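Participant: What shape does this take:
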Amino acid sequence: MDTKALRQKILDLAIRGKLVPQDPNDEPASVLLERIRAEKQQMVKDGKLKAKDIKNDTVIFLGDDNLHYEKFPDGTVKCIEDEIPFELPEGWEWTRIGNLFTTVTGSTPSTKDKSLYGDEFPFYKPTDLDKGINVVSSTDYVSEKGYNSGRVLPEKSVLVTCIGATIGKTGMIHKTGICNQQINAIIPNIFVLPEYTFFLLNSLYMQEQILTNSSATTLPILNKSKFDSLLIPLTPLVEQKRIVSKITELLSFIDTIESDKTDLKTTIQLTKSKILDLAIRGKLVPQNPDDEPASVLLDRIRAEKEELIKQGKIKRDKKESVIYKGDDNSYYLKMGNVAETLDDWRIDDIPDNWGVCCLGEVCDYGNCTNVDTKDIPETAWILDLEDIEKDTGKVLQKLTLKERNSASTKHLFHKGQVLYSKLRPYLNKVVLADDDGFCTSEILPLDFNGYILPEYAKYYMMSPTFLRYANHCSYGVKMPRLGTLDGKKAVLTVPPINEQKRIADKVSQLFSLLDSIAENIN
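Facilitator: Next comes the predicted model:
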């Protein structure tokens, strides 16, 4: 369910008079407008408003030809039928923001005068409007002196960002304060409910008006005069109350839906994590006593390695880590003369036909082929971190060198290799290459040489156990990463090769089901 679109639909129905039924006994909006005009005239007489504040007020009316006209202060009349976006119910009227409200543009107190700032009154900025209808505080505050130097905004003023990338962002304040120059504020009056004003300004129709009427520059601006001239539908006051009540009820229901969606998404992610945890501990699929034990596989790997060393084809790694089982039946990792317990890995209860080794024993961890981009064909696949979805093992997009236009050195990888990010913010980005290509140097291609099924290795490196270890061992300030030595020392639980296949298939099946649920709730 697209709850954002549903919110917009509710507001759209509301401003068109289709959300709640009309009552013919309601005092029509035309009478409300007459009252507003009379009130403004009186405020000018009383000195509460200046004559210039109402000099641009106009009257919109329906002519005998059933077309809309606008009468200006100088007495001229213009047909504005081409401006009218949709038909209103009986008793509603079209008008402009400036005809209904007193509006003000904020200003920023001089930052050179420290006495203007303090903690007494909110100083609202666009970022403070994220709370929407419930803006109760601000990031910055001013002193009483700063407050009195600004344009005072009473409670329930509706603030609209009219400059910058967040143009149109709207909030209703619940504490009197001032605002900066990026904001136009609508001062509340007794004729229009502030909540109705807020919902009206958030409707797709009004948001599009704000964008359409803003200056077409890199920094969009809607000045106060254009803001005041925005065309809005006005409903009878009694119906405003019904509309606000119904919108509030429906949006509250949507909030509940969104909360449930978030809870379900969290549950799905936790479920995936649990599945992976069970998978690497031998608790996801049953064991088959006929499978060749993993110990035989590991012995074969080590024997082959010793033979290669004997033949001089490879050198013995002086920093190689070895895992062994002590007399206490617990696992230990030994490097040189130093041994450390592996209790944190919680591997004491793995099945009897499973084995344990270091990741570096079964893959070429850290042995990467660097390639300069000038030596890479334009049509070659170039994989970057942004192309990999977190926690899913999925490639989001495939771009070629020509499309990516990247100049940095890349790592060569081949189909079937596990591609793993060594940077801490992206440790949960792991994929299985389905083709040859090149990747950013922050991604390590791992070749398991047929010893470990790549699908199983991928899920192991996505597991909470490995991620916890990688996070703990990562070093660096700006971009923490898992070092090569620590990567090689990571503990890998090894099932028999046939069980690796069963585990990978089962995880894939369960993840597919969970992904289907996630897509349906979206």
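Participant: Counting by contacts, list what the biggest helix by length in the chain packs against.
Facilitator: In the chain, assigned by DSSP state H, the helix with the most residues is helix 237-279. Packing partners of helix 237-279 (3 or more C-beta pairs under 8 Å, 6 or more residues apart in numbering; DSSP states H and E): helix 3-15, helix 194-202, helix 454-462, helix 464-473, helix 497-521. Heads up, the C-betas are built off the backbone N, CA and C, glycines and all.
Participant: Looking at these, which is nearest to Gln287?
Facilitator: Smallest distance to Gln287 across the helices and strands packed on helix 237-279 (C-beta to C-beta): 6.5 Å, for helix 497-521.
Participant: which other residues reach the closest one?
Facilitator: 1, 261, 264-265, 268, 271-272, 275-276, 279, 282, 284-285, 287-288, 291-292, 294, 297, 392-393, 452-453, 455-456, 459, 495 (C-beta atoms under 8 Å, 6 or more residues apart in numbering).
Participant: gap between the top strand by length along the chain and the chain center?
Facilitator: Assignment by DSSP state E gives strand 117-124 as the longest strand of the chain. Relative to the centre of its chain, strand 117-124 is centred 30 Å away, using C-alpha atoms, centre = their mean, to the nearest Å.
Participant: And the strands in the stretch 51-200 of the chain, which stretches?
Facilitator: Secondary structure of the stretch 51-200 of the chain by DSSP state E, counting those that start in this stretch: the strands cover 59-62, 68-71, 77-79, 93-96, 102-105, 117-124, 140-142, 158-161, 170-172, 178-179, 183-187.
Participant: okay, the angle between the longest one and strand 183-187?
Facilitator: Taking axes from the mean of the first three to the mean of the last three C-alpha atoms, to 10 degrees, one finds strand 117-124 and strand 183-187 inclined to each other by 80 degrees.
Participant: CA atoms only: put strand 117-124 into CSV for me.
Facilitator: Once non-C-alpha atoms are left out, strand 117-124 reads as follows in CSV (Å, rounded to 0.1, in the frame of the first residue of the first chain):
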residue,chain,number,x,y,z
TYR,A,117,19.9,34.9,20.8
GLY,A,118,19.0,32.8,23.9
ASP,A,119,16.6,30.1,24.9
GLU,A,120,13.3,32.0,25.4
PHE,A,121,11.5,32.0,22.1
PRO,A,122,11.7,29.5,19.1
PHE,A,123,13.4,30.7,16.0
TYR,A,124,11.8,28.6,13.3
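Participant: Filter the contacts of helix 497-521 down to the buried ones, PyMOL style.
Facilitator: The buried residues among the contacts of helix 497-521 can be selected in PyMOL (16 or more other C-beta atoms under 10 Å) with this line:
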select buried, resi 268+272+275+276+279+282+284+285+287+291+294+297+392+393+452+453+455+456+459+495
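Participant: Could you list the low-pLDDT ranges of the stretch 1-150 of the chain?
Facilitator: The stretch 1-150 of the chain contains residues with pLDDT under 70 at 1.
Participant: Just tell me which of the helices and strands packed on helix 237-279 ends up closest to Glu378.
Facilitator: Closest among the helices and strands packed on helix 237-279, using C-beta to C-beta: helix 454-462, at 28.1 Å.
Participant: What angle do helix 237-279 and the closest one make with each other?
Facilitator: 120 degrees.
Participant: Residues touching helix 454-462, excluding its own?
Facilitator: Contact partners of helix 454-462, identified using C-beta under 8 Å, 6+ apart, comprise 276, 279-280, 363, 391, 393, 416-418, 420, 428, 430-432, 446, 448, 466, 492-493, 495, 500-501, 503-504, 507-508.
Participant: Kindly report the same for stretch 332-345.
Facilitator: With C-beta under 8 Å, 6+ apart, stretch 332-345 has contacts from 318-326, 330-331, 356, 358, 465, 469, 489, 491.
Participant: that older thread, could the helices and strands packed on helix 237-279 go into a markdown table alongside distance to Lys410?
Facilitator: Shown next, in a markdown table, are the helices and strands packed on helix 237-279 (distance: least, C-beta to C-beta, whole Å):
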| stretch | distance to Lys410 |
| --- | --- |
| helix 3-15 | 38 |
| helix 194-202 | 46 |
| helix 454-462 | 21 |
| helix 464-473 | 23 |
| helix 497-521 | 28 |
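Participant: Relative to Thr105, which of these is closest?
Facilitator: Here helix 194-202 is closest among those (C-beta to C-beta), at 15.6 Å.
Participant: Which other helices and strands does the closest one contact?
Facilitator: For helix 194-202, the elements it packs on are helix 3-15, strand 158-161, strand 170-172, helix 237-279, judged by 3+ C-beta pairs under 8 Å, 6+ apart.
Participant: returning to what we had before: let me have the strands of the stretch 51-200 of the chain in CSV, extended by mean neighbour count.
Facilitator: Output for the strands of the stretch 51-200 of the chain, formatted as CSV (neighbours: other C-beta atoms under 10 Å):
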stretch, mean neighbour count
strand 59-62, 16
strand 68-71, 16
strand 77-79, 12
strand 93-96, 21
strand 102-105, 18
strand 117-124, 19
strand 140-142, 19
strand 158-161, 27
strand 170-172, 24
strand 178-179, 27
strand 183-187, 24
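Participant: Just give me the neighbour total for Ile309.
Facilitator: 13 (other C-beta atoms under 10 Å).
Participant: Secondary structure element holding it?
Facilitator: helix 294-310 (DSSP states H and E).
Participant: Please name the strands paired to the helix or strand following that helix in the sheet, noting orientation.
Facilitator: Per DSSP H and E, the first helix or strand lying C-terminal to helix 294-310 is strand 321-325. Sheet partners assigned to strand 321-325 using DSSP bridges are listed as strand 331-335 (antiparallel).
Participant: Now do the strand it pairs with, average pLDDT.
Facilitator: Mean pLDDT, strand 331-335: 85.
Participant: go on, stretch 155-172?
Facilitator: Rounded mean pLDDT across stretch 155-172 is 96.
Participant: Quick one: end-to-end distance for it.
Facilitator: 8 Å (C-alpha to C-alpha, to the nearest Å).
Participant: Can you give the distance from it to the centre of its chain?
Facilitator: That offset, for stretch 155-172, works out to 21 Å (C-alpha atoms, centre = their mean).
Participant: One more: stretch 190-207?
Facilitator: On C-alpha atoms, centre = their mean, the centre of stretch 190-207 falls 26 Å from that of its chain.
Participant: And for stretch 260-278?
Facilitator: 18 Å.
Participant: With stretch 107-124 instead?
Facilitator: Distance of stretch 107-124 from its chain centroid, counting by C-alpha atoms, centre = their mean, is 32 Å.
Participant: contact partners of that stretch?
Facilitator: Contacts for stretch 107-124 (C-beta under 8 Å, 6+ apart): 106, 128, 135, 137-138, 140-147, 149-151, 153, 159, 171, 173, 175-181, 183.
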